[in-house]
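Engineer: model this:
(chains A, B, C and D)
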Number of protein chains: 2
Amino acid sequence: MAPPRSTRQGLLVEEAVRGADGFRTAQDVYASLVADGARIGLTTVYRHLQRLADQGVLDVLTAADGQIAYRSCHSDGHHHHLVCRQCGMTLEIHEPSVEQWADRTAELAGFTDVTHTVEIFGTCATCRQP
Amino acid sequence: MAPPRSTRQGLLVEEAVRGADGFRTAQDVYASLVADGARIGLTTVYRHLQRLADQGVLDVLTAADGQIAYRSCHSDGHHHHLVCRQCGMTLEIHEPSVEQWADRTAELAGFTDVTHTVEIFGTCATCRQP
DNA sequence: ACCGAAATGAAAACGGTTTTCATTCTCAAA
DNA sequence: TTTGAGAATGAAAACCGTTTTCATTTCGGT
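Structural biologist: Sure, this is the predicted structure:
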């Protein structure tokens, strides 16, 4: 399996999502790139985001409205997110005891191949100010 | 604000989702009702599911693919789900220490109006058998 | 029974996402 | 440097879950 080719568009997409401090949808990334004068197609944005997610470079979060958002992973391995509802600013959080709880709970119920999601939403200090 | 009128369709939808043991999408519920010979429109199914969710009768889960699924609440108050990926069978789980962890984590980061989701997915014992 | 208005449902519309296919571009070989 | 295979691109079309629209039906009060 040959590595994907390095393209102008691939770099643009990766830079855009690495430069963001929270989750961004494909539409967000596309709009941002176009606003900066980039020549890129929406489809290409989707493709690159998906490739980066497949490669583990990006985290994926499906929001309550069904839209899929991506964020650059700032830390290796399994983690969760604390997301500001207003600005999207996101912190990564780790808590081994929660991992253990999730795994144990599933095991006690007879489940295998266990995965879990934990997302915390709120209003951050910056957005809380009037 | 008057209560919604009692209709044949409203009852059908509520019965259908109460009779299911896991999360079901509007499409699922619609297909199931139609297969049983019910005369009902897809739009009406969507409306009733949304109403029931708004009333707190149903839990809502947005799956990774963006589809929104509903399940009848078997217990009051805040809880999480352990969901079989194959058959959709769902258990409700409670863990106060996880609630406390989530709230404390957000508070330490300066967040207010905090909510969280915890979903655990796996393959249940029944589905695991060959 | 009548009637206002809530509810219904099929068609149309919406919008995020994916597929299609002609064209462009990358990169390895010569 | 040139060439060319095939990967990548991008606009249009298609997909599909979901929502809106509006004519019609139904509920429930009088």
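Engineer: how about the biggest strand by length in chain A as CSV, C-alpha atoms only?
Structural biologist: The residue-count maximum for a strand in chain A (DSSP state E) belongs to strand A:112-123. Output in CSV follows, covering the C-alpha atoms of strand A:112-123 (Å, rounded to 0.1, in the frame of the first residue of the first chain):
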residue,chain,number,x,y,z
THR,A,112,-16.7,-7.9,24.2
ASP,A,113,-15.0,-5.6,21.7
VAL,A,114,-15.7,-2.7,23.9
THR,A,115,-15.3,0.9,23.0
HIS,A,116,-16.7,4.0,24.6
THR,A,117,-17.1,7.7,24.1
VAL,A,118,-17.1,10.4,26.8
GLU,A,119,-17.7,14.0,25.8
ILE,A,120,-18.2,16.9,28.2
PHE,A,121,-19.9,20.1,27.0
GLY,A,122,-20.2,23.4,28.7
THR,A,123,-19.5,27.1,28.5
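Engineer: tell me who's in contact with residue A:6.
Structural biologist: The contact partners of residue A:6, by C-beta atoms under 8 Å, 6 or more residues apart in numbering or on different chains, come to none. No exception for glycine: its C-beta is placed from N, CA and C like everyone else's.
Engineer: check residue A:38 too.
Structural biologist: Shown in contact with residue A:38 (C-beta under 8 Å, 6+ apart): residue A:12.
Engineer: ramachandran coordinates for it?
Structural biologist: phi -70, psi 150 (degrees, to the nearest 10).
Engineer: what is the burial count for residue A:44?
Structural biologist: Residue A:44 has 17 neighbours, counted by other C-beta atoms under 10 Å in any protein chain shown.
Engineer: so which strand or helix has it?
Structural biologist: Here residue A:44 sits within helix A:42-54, counting by DSSP states H and E.
Engineer: did I read that right, residue A:4 in a strand?
Structural biologist: No - secondary structure of residue A:4 (DSSP: H, G, I helix; E, B strand; the rest coil): coil, not part of a strand.
Engineer: leaving out chain neighbours, which residue sits closest to it?
Structural biologist: Nearest non-adjacent residue to residue A:4, counting by C-beta to C-beta, 6 or more residues apart in numbering or on different chains: residue A:51, 6.5 Å away.
Engineer: okay, now the one you found: neighbour count?
Structural biologist: 15.
Engineer: one step back: in the longest strand of chain A, what's buried?
Structural biologist: Within strand A:112-123, the residues that count as buried by 16 or more other C-beta atoms under 10 Å in any protein chain shown are A:114, A:116-123.
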